[in-house]
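*Asks:* This is a predicted model, with the sequence first.
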Amino acid sequence: MAITALIVGVILVIVIMCMMNLFVTAAYMGMPRSAIVALLPMIALFNLLKSGINAVITFVLYKRVSRFLHEDTIQRKKN
């Protein structure tokens, strides 16, 4: 379940950031949309690498950190 959520998150980041770059970069940098469309493969690759690395780090660290995050909930259930 966690791996599926991470993969869906990575895909959503790529799609949303590509769409946002079409609008924000055009407005902010004054670039024509045709130039941004030409850059979309690089933008998608960058976002794949960035969110993929974040997903791997999250997958590796979450189990270790979740004990501390859920410690309060566990103590409440005992009482």
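*Replies:* Thanks, I have it.
*Asks:* Now find how far off-centre the longest helix seen in the chain is within its chain.
*Replies:* When the chain is parsed with DSSP state H, its longest helix is helix 33-69. Centroid separation between helix 33-69 and its chain, computed with CA atoms, centre = their mean, to the nearest Å, is 5 Å.
*Asks:* I'd like to know which elements it is packed against.
*Replies:* When contacts are defined as 3 or more CB pairs under 8 Å, 6 or more residues apart in numbering; DSSP states H and E, helix 33-69 sits against helix 2-29. Every C-beta, even on glycine, is put in place using the N, C-alpha and C of the backbone.
*Asks:* Give me the buried stretch members for the helix it packs on, please.
*Replies:* For helix 2-29, the neighbour count (16 or more other CB atoms under 10 Å) marks 6, 10, 13, 14, 17, 18, 21, 22, 25 as buried.
*Asks:* Could you report the distance from the third one to residue 37?
*Replies:* In this structure, residue 13 and residue 37 are 19 Å apart, going by CB to CB, to the nearest Å.
*Asks:* and the angle for the longest helix of the chain with helix 2-29?
*Replies:* The directions of helix 33-69 and helix 2-29 differ by 140 degrees, with axes from the mean of the first three to the mean of the last three CA atoms, to 10 degrees as the criterion.
*Asks:* could we number from 37 for the rest of this?
*Replies:* Sure, I'll start counting at 37 from here, so that last one is helix 69-105.
*Asks:* What are the buried residues along helix 69-105?
*Replies:* Buried positions in helix 69-105, judged by neighbour count with 16+ other CB under 10 Å: 72, 79, 83, 87, 91.
*Asks:* Redo these as TSV? Include distance to residue 106.
*Replies:* Below are the buried residues of helix 69-105 laid out as TSV (distance: CB to CB, whole Å):
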residue	distance to residue 106
72	43
79	37
83	30
87	25
91	21
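*Asks:* Between these, which sits nearest residue 104?
*Replies:* residue 91 (20.7 Å; CB to CB).
*Asks:* show me what contacts the closest residue to that closest one other than its chain neighbours?
*Replies:* Closest residue in space to residue 91, ignoring its immediate chain neighbours: residue 42 at 4.2 Å, by CB to CB, 6 or more residues apart in numbering. Residue 42 makes contact with 91, 94, 95 under the criterion CB atoms under 8 Å, 6 or more residues apart in numbering.
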